[in-house]
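Chemist: here is my input, please return the structure:
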Amino acid sequence: MNEKLQVYKDKMNKTMANLDGELGTIRAGRANPNVLNKIKVDYYGTPSPIQQVANVSVPEPRMIQIQPWEKNMLKVIEKAIQVSDLGINPTNDGTMIRLVFPELTEERRKELVKDVKKKGEAAKVAIRNIRRDGNDALKKLKGTEVSEDEIKDMETELQKLTDKFVKDVDKAVDNKSKEVMTV
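Modeler: Residues are numbered from 1 along each chain as shown. Okay, the predicted model is just below:
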């Protein structure tokens, strides 16, 4: 791979990693600790992820248990979950917090699949924008020490890279959609 194109490949990899992270936060009827990734709690003045202040486990397919390392964090974590967009009411028994995920309805599953597809589309747009930036940069090389043939080859390589990442996005979206629709 041409080193001039490596920058764009790295950006596309970051886009893919970002999509994977976003898809990980979409719950698919099973309890997945990744749904807590976006929720931050105030830990001595520092916004921290729940996983850094508590032990998070999945004892049953539809339940997440959160056991804070410090008892005074129970209320803080409970409040953070309540004000988040998670849509699940935590139960606090004085030592740990339990999140019980309701069974997803068919309608909710379809909404989640739409959301998954929207995130996939956004990732594809981002990848195509990276390609456009790359092509613009390659056009600026005309008239420099780089031959027109080399520029054409790099444009072709950039297109192949774009196609590969778009396929990867489609595959990730398909896998997540199947996961969401599986009862």
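Chemist: which outside residues touch stretch 7-16?
Modeler: 1, 123, 126-127, 130-131, 133-134, 158, 161-162, 165, 168-169, 172 (CB atoms under 8 Å, 6 or more residues apart in numbering). To be clear about C-beta, it is placed using only N, CA and C from the backbone, and glycine gets the same treatment.
Chemist: among the residues you listed, name the buried ones.
Modeler: By neighbour count, with 16 or more other CB atoms under 10 Å, the contacts of stretch 7-16 hold 123, 126-127, 130-131, 134, 158, 161-162, 165, 168-169, 172 as buried.
Chemist: now the two most distant members of these.
Modeler: Gly134 and Ala172 (21.9 Å; CB to CB).
Chemist: the chain - how does it break down into domains?
Modeler: If you go by automatic domain parsing, the domain ranges for the chain are 3-24+105-181, 33-100.
Chemist: circling back to that earlier point, among the buried ones among the contacts of stretch 7-16, name the ones in helices.
Modeler: Per DSSP state H, helices hold the following members of those: 123, 126-127, 130-131, 134, 158, 161-162, 165, 168-169, 172.
Chemist: in CSV: those residues, plus distance to Gly87.
Modeler: Listed next are those as CSV, based on distance: CB to CB, whole Å:
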residue, distance to Gly87
Ala123, 24
Ala126, 27
Ile127, 30
Ile130, 33
Arg131, 37
Gly134, 40
Leu158, 41
Leu161, 38
Thr162, 36
Phe165, 32
Asp168, 30
Val169, 26
Ala172, 24
